[in-house]
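A.B. asks: I'll drop the sequence and a predicted model, then ask my questions.
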Amino acid sequence: MADLDMLFGALADPTRRAILRRLADGPAGVEELRAPFNMSQPAISKHLKVLEGAGLVEVEVDGPRRPRRLVPAPLVEATRWLERTRDRFEANFAALDTVLDEMTNETSTGKETP
């Protein structure tokens, strides 16, 4: 199981999310990943280290090149966690709706339950 704190921390930055979107199209080298941003190669490398630490990116060895590629498994795990959390919230909201409906009905009929 991926460390969700590291995963969500990595996803919190818009530059890292943009890098992941690019890598969804296929592997890319550091210079190719840096091109759309106004930042230095060391700055992009720091972002890549965070993504690698979260398990979202791997380095491939292709001769002298070291392209990065997306690892989708942690995103699948995060999606599952979000879905479970959403399901719990929805169940709580449904229970609250029931209570509020009962309270509304009691108020409109002038009756209170003991």
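C.D. replies: In hand now; what should we look at? Residues are numbered from 1 along each chain as shown.

A.B. asks: helices of this protein, start to end?
C.D. replies: Along the chain, counting by DSSP state H, helices occupy 4-11, 14-23, 30-34, 41-53, 73-109.

A.B. asks: and these, which one averages the lowest pLDDT?
C.D. replies: Among the helices of the chain, helix 73-109 has the lowest mean pLDDT, at a mean of 83.

A.B. asks: which other helices and strands does that helix contact?
C.D. replies: Counting by 3 or more Cβ pairs under 8 Å, 6 or more residues apart in numbering; DSSP states H and E, the packing neighbours recorded for helix 73-109 are helix 4-11. Just so you know, the C-beta spots here come from the backbone N, C-alpha and C atoms, and that holds for glycine as well.

A.B. asks: hang on, residue 66 packs against residue 60?
C.D. replies: Yes. If you go by Cβ atoms under 8 Å, residue 66 and residue 60 touch, sitting 7.1 Å apart.

A.B. asks: picking that back up, now render the helices of the chain as CSV, adding mean neighbour count.
C.D. replies: Shown next, in CSV, are the helices of the chain (neighbours: other Cβ atoms under 10 Å):
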stretch, mean neighbour count
helix 4-11, 16
helix 14-23, 16
helix 30-34, 16
helix 41-53, 16
helix 73-109, 11
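
A.B. asks: OK, contacts around residue 90?
C.D. replies: If you count contacts by Cβ atoms under 8 Å, 6 or more residues apart in numbering, residue 90 has none.

A.B. asks: which one is residue 31 nearest to, not counting chain neighbours?
C.D. replies: residue 41 (7.2 Å; Cβ to Cβ, 6 or more residues apart in numbering).

A.B. asks: what about the closest residue to residue 69 other than its chain neighbours, how many residues nearby?
C.D. replies: Closest residue in space to residue 69, ignoring its immediate chain neighbours: residue 27 at 4.2 Å, by Cβ to Cβ, 6+ apart. By the criterion of other Cβ atoms under 10 Å, residue 27 has 17 neighbours.

A.B. asks: and residue 27, what does it touch?
C.D. replies: Contacts for residue 27 were tallied using Cβ under 8 Å, 6+ apart; they are 60, 67-69.

A.B. asks: that concludes my questions; thank you for your assistance.
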